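A.B. asks: here you go, sequence then predicted model.
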2 protein chains.
Amino acid sequence: MAKNLELVLLLDCYSELLTERQRDLAELYYNEDLSLSEIAEMRSITRQAVRDSLRHSEAFLLDTEQKLGMAARIGAMRRCLEEIRTLCTSDPPDPTKITELTDQGLRLL
Amino acid sequence: MAKNLELVLLLDCYSELLTERQRDLAELYYNEDLSLSEIAEMRSITRQAVRDSLRHSEAFLLDTEQKLGMAARIGAMRRCLEEIRTLCTSDPPDPTKITELTDQGLRLL
């Protein structure tokens, strides 16, 4: 059960669609970086129950991203806005390039 | 059962989370602009069955937007990018204003 960055981002996007219990355990694991055993002890449940819940949540988050692609779009939009920001520091800024990036951003919406 | 713009936008964002049947009926109603009776005849089901399905889909779409806010963020991001685009048509474009809007966009992500 890898604590990879993708799952942290997906949790950030879709945690509100999880049940309260799933969200609680997933946040302790991914955001607070606790181990399965630490979470089990803290919530007075078995390590296996924690693992099962996290597996369900992960499958749900990956499936939801495959359907909605919100995390991927947010990532692409962030890169696009950061490029615009960088272009604004050139002197003088190139309005054609900024407009191109803006159109690229609009197509992501 | 109002065919309002908000529900068209929500359907656009979240239709992949509906069941295949819910999505089919909702698309006929909101995107193809057919009436309940026309959909009922086309799919050989009762008008009441169409209405019930649409009611469930609407409740689901509104609840999902309340939890994720994706449609609202997309709308705000579109307005932000369009403002940047407009600023690029001024001669010379004001990099400080564009940077402010870019930061505003980044905070929406």
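C.D. replies: Structure received. Remember, it's a predicted structure, so these values are computed and weren't measured experimentally. Residues are numbered from 1 along each chain as shown, chains lettered A, B, ... in the order given.
A.B. asks: do the helix or strand where A:A49 lies and chain B come into contact?
C.D. replies: Secondary-structure assignment from DSSP states H and E places A:A49 in helix A:47-68. Yes - under the criterion of CB under 8 Å from any CB of the partner chain, helix A:47-68 makes contact with chain B via A:T64, A:K67, A:L68. Bear in mind the C-beta positions are built from the backbone N, C-alpha and C, glycine included.
A.B. asks: quick check: PyMOL command selecting the buried ones in those residues.
C.D. replies: One line in PyMOL is enough to select the buried members of the residues of helix A:47-68 next to chain B, burial here meaning 16 or more other CB atoms under 10 Å in any protein chain shown:
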select buried, chain A and resi 64+68
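A.B. asks: and which of the residues of helix A:47-68 next to chain B is nearest chain B?
C.D. replies: Chain B has its nearest neighbour among these in A:K67, at 3.8 Å by CB to the nearest CB.
A.B. asks: for the closest one, what are its contacts?
C.D. replies: By CB atoms under 8 Å, 6 or more residues apart in numbering or on different chains, the contact list for A:K67 reads B:E16, B:L17.
A.B. asks: now swap in A:T99 and tell me
C.D. replies: Listed by CB under 8 Å, 6+ apart, the contact partners of A:T99 are B:R85, B:C88.
A.B. asks: got the angle for whichever helix or strand comes after the helix holding A:A49 vs helix B:47-68?
C.D. replies: Scanning the chain past helix A:47-68 towards its C-terminal end, the next helix or strand to appear is helix A:70-88 (assignment: DSSP H and E). For helix A:70-88 against helix B:47-68, the angle between stretch directions is 50 degrees (axes from the mean of the first three to the mean of the last three CA atoms, to 10 degrees).
A.B. asks: quick one: low-confidence ranges for chain A?
C.D. replies: Across chain A, the stretches falling below the confidence threshold (pLDDT under 70) are A:1-2.
A.B. asks: repeat that with 80
C.D. replies: Across chain A, residues meeting the criterion (pLDDT under 80) sit at A:1-3, A:91.
A.B. asks: near chain B, which residues of it?
C.D. replies: Proximity of chain A to chain B is confined to A:13-14, A:16-17, A:64, A:67-68, A:70, A:74, A:77-78, A:81-82, A:84-85, A:88-89, A:92-93, A:95-96, A:98-99, A:102-103, A:105-106, A:109 under the rule CB under 8 Å from any CB.
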